[in-house]
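> Following is a predicted model, sequence given first.
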Amino acid sequence: MRCARLGAAAFVIGLAFAAPAAAQDQDVGGDVPSLIGLDLSLPEGFDSFPAGPGEHELAIRARVTSTDAVATVSVADGDAASGRSLGHLTSGTSTLDAPIEARIGSTAFLPLDAAVEEPLAVLRRPVANETLTIRLRQRVQAGERPRGTYSKTLLVTLSSETP
């Protein structure tokens, strides 16, 4: 670890008094770049789920910062762009019948097996460290007997593009 020494600086200020200037109109302005930031927690919920039927949920906390007037949060499949495994937990060649579903807040769960992702949240104002909870749900159908380790890579996206 490197330590820096702070030195003191002395400034000499000279003051000169002049006659007041005539008032003028002056335009003042500048460009402010957009800033977006997304921080995700580790998932809380199912590390494993029973082999029988039921609904199983987990939560991911997202911290969002955006200086833009509109920002969207989306979740999409990060493993597959099409086919049977799109939006579904898989283990080798085995795929669960029901897709993973996601929501933020009290909105309806959206299945992640669509080729086009729908935003889960639309923030219509600038935000700083806004906390959102992304809920993921996996349904295990009657008659399904999951075996092995199922996985899926999900992409959580914060965008300043208008939906």
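Sure, I can see it.
> Distance of residue 43 relative to residue 116?
24 Å (CB to CB, to the nearest Å). Backbone N, C-alpha and C define where each C-beta goes, glycine included.
> And for residue 62?
Taking CB to CB, one finds residue 62 at 21 Å from residue 116.
> try residue 85
Per CB to CB, residue 85 is found 17 Å from residue 116.
> Can you show me the helices along the protein?
Assigned by DSSP state H, the chain shows no helices.
> more crowded one of residue 43 and residue 116?
Neighbour count, other CB atoms under 10 Å: between residue 43 and residue 116, residue 43 has more, with 14 against 5.
> any weak-confidence spans in this structure?
1-22, 46-51, 162-163 (pLDDT under 70).
> can you map out the strands along it?
Assigned by DSSP state E, the chain shows strands spanning 36-40, 44-45, 54-66, 71-77, 90-91, 94-95, 101-104, 110-111, 121-123, 127-140, 154-159.
> residues in contact with the second one?
Just to be clear, that refers to strand 44-45. Residues from elsewhere that reach strand 44-45, judged by CB atoms under 8 Å, 6 or more residues apart in numbering: 56-61, 136.
> quick one: which of these is nearest residue 128?
Residue 128 has its nearest neighbour among these in residue 61, at 15.8 Å by CB to CB.
> Identify the residues contacting the closest residue to that closest one other than its chain neighbours.
Counting by CB to CB, 6 or more residues apart in numbering, residue 61 lies nearest to residue 41, which is 4.0 Å off, once chain neighbours are set aside. By CB under 8 Å, 6+ apart, the contact list for residue 41 reads 60-62.
> How about residue 103, nearest residue that isn't a chain neighbour?
Among residues not flanking residue 103 along the chain, residue 109 sits closest, at 4.7 Å (CB to CB, 6+ apart).
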